[in-house]
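In: Okay, here's the prediction I keep looking at, along with the sequence it came from:
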Amino acid sequence: MKKPYLKKILVLIMMLISFNSFACDCDCNGDCSFSVISNRNELVALVKVIEYSDFLDYKIDGYDKKMPFSMTVEIIKKHKGTESKKQIKIWGDNGILCRPYISNFEVGKYYLISPLQIKNSSDEGNKGDYDFFACWTDYLTVDFENGIAHGEYTKKKNKISLKEFENGIKK
């Protein structure tokens with residue numbers, strides 16, 4: 001008599017788990033902290049978000065405003081890379097990509113970034129623009145006034161001064 005009851009509970013639990021699954025169900029193999037990603041990726045820069053540039057035509061659950069799909073950032077200081085533009089565009093998630101939502105970034109705020117350059121134009125971004133990968137720590141929020149970046153800099157360190165970062169980055 002108890003077995004059918006347990007079976008129903010297990011089925012219900014499995015259904016609930018599957019409803020909450022994220023479209024980008026990824027794991028990071030190894031160390032994907034900012035220190036590792038920024039040493040591996042081509043571009044590393046301190047940026048300021050200038051504007052949200054493109055918007056999705058549909059709503060994203062849990063976000064009640066028009067969802068930004070890309071942002072334009074001003075490069076305040078390039079630490080690594082050959083990018084020559086003063087402003088670049090970074091594309092985010094549309095609900096099915098493995099990217100963070102652009103709404104995670106605030107206009108007027110500063111970030112330490114290490115994005116990937118988009119190789120081919122598509123509906124998800126233009127060739128030469130950039131994007132982030134949701135499974136890595138490829139950006140940190142920056143308290144510009146105090147010169148401190150916050151986020152997973154290493155697996156054991158969740159903040160770093162910009163000076164300390166500059167001294168440690170491999171160019």
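Out: Perfect, I can see it now.

In: And the strands in this structure, which stretches?
Out: Using DSSP state E, the strands of the chain run over residues 44-55, 68-80, 87-91, 110-113, 116-117, 130-131, 139-143, 148-150, 159-161.

In: List the contacts of the closest residue to Ile102 other than its chain neighbours.
Out: Using CB to CB, 6 or more residues apart in numbering and skipping the chain neighbours, the partner closest in space to Ile102 is Gly92 (3.5 Å). In short, each C-beta sits where N, CA and C put it, glycine included. Applying CB atoms under 8 Å, 6 or more residues apart in numbering to Gly92 gives the contacts 68-71, 99-104, 131-132.

In: Need the strands of the chain in TSV (columns: mean neighbour count and distance to Phe34).
Out: Below are the strands of the chain laid out as TSV (neighbours: other CB atoms under 10 Å; distance: least, CB to CB, whole Å):
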stretch	mean neighbour count	distance to Phe34
strand 44-55	18	9
strand 68-80	19	12
strand 87-91	20	16
strand 110-113	24	7
strand 116-117	16	14
strand 130-131	23	16
strand 139-143	20	5
strand 148-150	18	8
strand 159-161	16	8
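
In: Nearest to Asn29 among those would be which one?
Out: Asn29 lies closest to strand 116-117 among the strands of the chain, at 16.7 Å (CB to CB).

In: partners of the closest one, with directions?
Out: Strand pairing for strand 116-117, using DSSP bridges, gives strand 130-131 (antiparallel).

In: what's the farthest-apart pair in the contacts of Gly92?
Out: The widest separation within the contacts of Gly92 (CB to CB) is 14.9 Å, between Ser103 and Asp131.
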